[in-house]
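Colleague: I'd like to go over a predicted model; first the sequence, then the structure.
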Amino acid sequence: MAKNTIISEKQVADMRVFTVSEVELDKSGRHVHHSVVRFCGTASVLAITKEGNILLEKQYRTPIDRWIYEIPAGKIDKGEDPTHCIIRELEEETGYRPIKIVKSFEAYTSCGCSDEYMHYFTAVVEKIPEGERKLFPEIDEDLEIIEVSRDTAEKMIAEKQIVDAKSIMLLTALKAGTTGIEEYISDKTD
């Protein structure tokens with residue numbers, strides 16, 4: 001196995017939620033340079049209603065210049081627990097709150113260019129009653145919330161209507177019975 005050592009790292013851009021660095025690396029005597037995105041921690045949640053349906057967000061994503069369907073997700077604020085992040089994001093983006101929440105797994109999202117590490121949750125959720133909701137989408141978020149059956153969500157993946165990796169991962173884990181929430185949800189399908 002080759003020995004890899006970071007020789008230097010210079011930040012070249014500081015954005016709102018990430019930085020970009022130029023990294024010089026010694027790979028067993030060969031010096032190489034990589035551009036690296038240093039990202040804050042993130043969390044996502046597969047939100048399932050008490051009836052067994054999936055909540056999806058339809059939102060515009062600038063990097064790919066299109067509207068996509070995806071599960072709620074967001075950045076973890078400094079010092080914030082990932083579970084708290086998901087509870088906040090659910091209320092802010094969907095108007096729902098968790099009744100039961102479990103951490104399903106953790107993973108790097110794109111380790112070829114970024115150190116973003118995402119915490120993946122699954123939750124049974126309920127609508128927050130009118131007047132109790134305190135958090136709403138941020139000014140730059142244009143969201144439409146839809147509720148679909150598990151079968152419909154699977155069809156949306158097959159038909160490339162859901163192309164977001166975090167959403168596909170959690171929906172696939174749900175189908176495989178590996179999210180950790182299966183005992184708390186209805187097995188209702190179309």
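Modeller: Noted; the coordinates are in hand.
Colleague: partners of the residue nearest to the spatial centre of the chain in the sheet?
Modeller: For the chain, the residue nearest the mean C-alpha position is residue 44 (3.2 Å; CA atoms, centre = their mean). Listed beta-bridge partners, residue 44: residue 73, residue 120 (assigned using DSSP bridges).
Colleague: For residue 38, which residues are in contact?
Modeller: By CB atoms under 8 Å, 6 or more residues apart in numbering, residue 38 lies in contact with 11, 18, 19, 20, 21, 114, 115. C-beta coordinates here come from the backbone N, C-alpha and C atoms, glycine included.
Colleague: Report the buried members of those residues.
Modeller: Using 16 or more other CB atoms under 10 Å as the burial test, those include 20, 21, 115 as buried.
Colleague: Would you format those as a markdown table with distance to residue 159, secondary structure and pLDDT included?
Modeller: Shown next, in a markdown table, are the buried ones among the contacts of residue 38 (distance: CB to CB, whole Å; DSSP: H, G, I helix; E, B strand; the rest coil; pLDDT from 0 to 100):
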| residue | distance to residue 159 | secondary structure | pLDDT |
| --- | --- | --- | --- |
| 20 | 35 | strand | 95 |
| 21 | 39 | strand | 95 |
| 115 | 33 | coil | 94 |
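Colleague: and residue 106, what element?
Modeller: Here residue 106, judged by DSSP states H and E, is contained in strand 96-108.
Colleague: Report all helices and strands that that strand contacts.
Modeller: When contacts are defined as 3 or more CB pairs under 8 Å, 6 or more residues apart in numbering; DSSP states H and E, strand 96-108 packs onto strand 42-49, helix 82-94, strand 117-127, helix 165-176.
Colleague: just to revisit the earlier point, verify the contact between the residue nearest to the centre of the chain and residue 168 for me.
Modeller: No: if you go by CB atoms under 8 Å, residue 44 and residue 168 don't touch, sitting 11.2 Å apart.
Colleague: and among the helices and strands packed on strand 96-108, the most buried is which?
Modeller: Highest mean neighbour count of those: strand 42-49, a mean of 25 (counted as mean count of other CB atoms under 10 Å).
Colleague: State the mean pLDDT of that strand.
Modeller: Mean per-residue pLDDT for strand 42-49: 98.
Colleague: same deal with stretch 70-90?
Modeller: Stretch 70-90 comes out at a mean pLDDT of 96.
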